[in-house]
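*Asks:* When you get a sec, could you give me coordinates for this:
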Amino acid sequence: MAIIKPFKAIRPTKDKVSFVASKSYEEYDLQELNSILEYNPFSFLHIINPGFKFHKNILGKERFKLVHNRYMEFLEDTIFVQDEIPSFYLYQISKSSFSSLGFFCATSIRDYKKDVIKKHEDTLEKREVLFADYLNTVGFNAEPVLMTYKDNDEISTLLKNEVTKKPEYDFTTTDRVNHKLWKVSDSNTIERLQRLFGEVKTLYIADGHHRSASSCLLAEKLKSKNNEHTGEEAYNFFMSYLIPESEIKIYEFNRMVKDLNGMSPDEFLIQLDALYRIEKRNDGIYKPTKKHHFSMYLDGEFYSLYLRKKVYAFTDPLSELDTQILYKTILEPILGIQDLRNDKRIAYGYGKYNLIKMKDSIDCGDFVVGFSLVPITINEIKAIADAGLVMPPKSTYIEPKLRSGLTIYEL
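*Replies:* Presented below is the predicted three-dimensional model:
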């Protein structure tokens, strides 16, 4: 059963929170990133980009130490303050097309190791070790792992009751997303929420597989060095954002390939014909509408590809996944792409207008062929995780995307 703990968060003061909160630095282009760093001294980006202060691009362990230094400066300048009482932190994100309500808490390394917390993606050992070293040096966790759980009426009622109260934070960012945060420090409410999650059998990682794996690796390292280890130390837990599965939104990633592995378009279509019923679409941009059905853009034309199920075996939940089907029937055997993470011939895209962007990228010659899929469902994610299997990379793009710097968990 799931263990959750309140914690004493390090948080921005109310008057500065809208300036502190940031998206992941990877979501900014270089011009926007530099502009924020130049004109907003309170942005959390200053902590994770500490070299800006010295006009240098600093990497590795030197960067980790400087991240810690910038973090200490934010504490010294009271941009950040620590709560005196362990709390849970409800966080609501709202925009025109989407709203979600979940909460920040500390989740258990033991649950992760016992498979109460389940994953559906592989992690790279090199990245695990790197991020574990990062956490150990900086001494805090500011990027929560996004987890989901089966909808529960009692939990939902409790959370909805809390959000009738005045929030600690209520601000809107320049991308027109509203952010609200409530601190839940009442001992009775905390105990009730812990009891309810004690009845939750499984938490599913939606986003943050490397963060959770790295936290586990660091916990093992610190445990081995602590002769008085009790299991209650901060390093035995990691910060997570828990949200009911009905309140996450899953989008698809398109695939774009730079060449046809030595084939002409006609030769490629003939290869596909053995596994797919192919129809040329003459009605403009074409998007697939159901599982095992792909849209393909090739040589200035959109095609629909319908899987011939008699020539493809469904053996487990992974084999039924559209990203796996595309890999096993086209990308690997026909186009010769073995490594979906590192092969430079393939690229991925997501977003509202990505089908148009995919078409434009192919029309201008950056890529030769592109494939569009329907989004994977939460039930597919859970089936993969329950079976102990892992999805191909870039199978899901999941919202909400959380702002960094709102709550920080010290190790």
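
*Asks:* The closest residue to Asp83 other than its chain neighbours and Thr407, how far apart?
*Replies:* Spatial nearest neighbour of Asp83, excluding adjacent residues (C-beta to C-beta, 6 or more residues apart in numbering): Lys8 at 4.9 Å. C-betas here are computed from N, CA, C, even on glycine. For Lys8, the distance to Thr407 equals 10 Å [C-beta to C-beta, to the nearest Å].

*Asks:* between the two, who's got more neighbours?
*Replies:* Neighbours were counted for Lys8 and for Thr407 using other C-beta atoms under 10 Å; Thr407 has more, 27 against 15.

*Asks:* can you pull the contacts of that one?
*Replies:* Residues in contact with Thr407 (C-beta atoms under 8 Å, 6 or more residues apart in numbering) are Ala9, Ile10, Arg11, Tyr89, Tyr91, Phe104, Ala142, Pro144, Leu181, Met239.

*Asks:* any idea which of these is closest to Pro392?
*Replies:* Pro144 (24.7 Å; C-beta to C-beta).

*Asks:* can you give me the mean pLDDT across the lengthiest strand in the chain?
*Replies:* The residue-count maximum for a strand in the chain (DSSP state E) belongs to strand 98-108. Average pLDDT, strand 98-108: 95.

*Asks:* Check the offset of it from the chain's centre.
*Replies:* Centroid separation for strand 98-108 versus its chain: 13 Å, with C-alpha atoms, centre = their mean, to the nearest Å.

*Asks:* Next secondary structure element downstream of that strand?
*Replies:* Downstream of strand 98-108, the first helix or strand assigned by DSSP states H and E is helix 109-113.

*Asks:* for the helix or strand just after that following helix, packing partners?
*Replies:* Next along the chain after helix 109-113, taking DSSP H and E as the criterion, comes strand 117-118. Secondary-structure packing of strand 117-118 (3 or more C-beta pairs under 8 Å, 6 or more residues apart in numbering; DSSP states H and E): strand 203-207.

*Asks:* And the helix or strand following the strand it packs on, what does it pack against?
*Replies:* Sequence-wise, the next helix or strand downstream of strand 203-207 (DSSP H and E) is helix 209-225. Judged by 3+ C-beta pairs under 8 Å, 6+ apart, helix 209-225 is in contact with helix 109-113, helix 125-138, strand 237-244.

*Asks:* what's the angle from the longest one to helix 209-225?
*Replies:* Just to be clear, that refers to helix 125-138. On the basis of axes from the mean of the first three to the mean of the last three C-alpha atoms, to 10 degrees, helix 125-138 is oriented at 60 degrees to helix 209-225.

*Asks:* how big is the angle separating helix 125-138 from strand 237-244?
*Replies:* Counting by the same axes, to 10 degrees, helix 125-138 points 110 degrees away from the direction of strand 237-244.

*Asks:* about what we covered before: by neighbour count, which of the contacts of Thr407 wins?
*Replies:* Pro144 (27 neighbours).

*Asks:* Just the buried residues of the longest strand of the chain, please?
*Replies:* Using 16 or more other C-beta atoms under 10 Å as the test for burial, strand 98-108 gives Ser100, Leu101, Gly102, Phe103, Phe104, Cys105, Ala106, Thr107, Ser108.

*Asks:* who's in contact with Asp111?
*Replies:* Ala2, Ile3, Ile117, Leu203.

*Asks:* Backbone dihedrals for the nearest residue to Ser185 once chain neighbours are set aside, please?
*Replies:* In space, Ser185 comes closest to Ser87 once its chain neighbours are excluded; the distance is 4.1 Å by C-beta to C-beta, 6+ apart. Main-chain torsions, Ser87, degrees, to the nearest 10: phi -140, psi 160.

*Asks:* what does the model give Ser87 for pLDDT?
*Replies:* So, for Ser87, pLDDT stands at 98.

*Asks:* One more: Lys394?
*Replies:* 89.

*Asks:* residues in contact with it?
*Replies:* Applying C-beta under 8 Å, 6+ apart, the residues near Lys394 are Phe253, Arg255, Thr323, Leu340, Tyr348.

*Asks:* and of those residues, the nearest to Glu399?
*Replies:* Phe253 (13.5 Å).

*Asks:* That closest one: neighbouring residues, count only.
*Replies:* Using other C-beta under 10 Å, Phe253 has 22 neighbouring residues.

*Asks:* try Glu199
*Replies:* If we define neighbours as other C-beta under 10 Å, then Glu199 has 11 of them.

*Asks:* Give me the secondary structure label for it.
*Replies:* Following DSSP: H, G, I helix; E, B strand; the rest coil, we place Glu199 in the coil state.

*Asks:* Nearest residue to it in space, ignoring adjacent ones along the chain?
*Replies:* Met1 (6.3 Å).

*Asks:* do the same with Glu399
*Replies:* Using C-beta to C-beta, 6+ apart, the closest residue to Glu399 is Lys249 (4.4 Å).

*Asks:* residue contacts, the most centrally placed residue in the chain?
*Replies:* Centrality entry for the chain: nearest residue to the mean C-alpha point is Asp207, 3.1 Å, by C-alpha atoms, centre = their mean. Taking C-beta under 8 Å, 6+ apart, we find Asp207 in contact with Val145, Leu146, Ile398.

*Asks:* quick one: the first one and Gly208, what's the gap?
*Replies:* When distances are taken as C-beta to C-beta, Val145 and Gly208 turn out to be 3 Å apart.

*Asks:* re earlier: could you identify the least confident member of the contacts of Asp111?
*Replies:* Lowest confidence among those: Ala2, with 93.

*Asks:* which SS class is that residue?
*Replies:* Once three-state DSSP is applied, Ala2 turns out coil.

*Asks:* Next one, pLDDT for the closest residue to Tyr409 other than its chain neighbours please.
*Replies:* With sequence-adjacent residues excluded and distances taken as C-beta to C-beta, 6+ apart, Tyr409 is closest to Met239, at 3.8 Å. According to the prediction, Met239 has pLDDT 97.

*Asks:* quick one, strands of the stretch 51-200 of the chain?
*Replies:* 80-82, 88-95, 98-108, 117-118, 140-141, 145-149, 169-172, 178-184 (DSSP state E, counting those that start in this stretch).

*Asks:* Brilliant, that's me finished.
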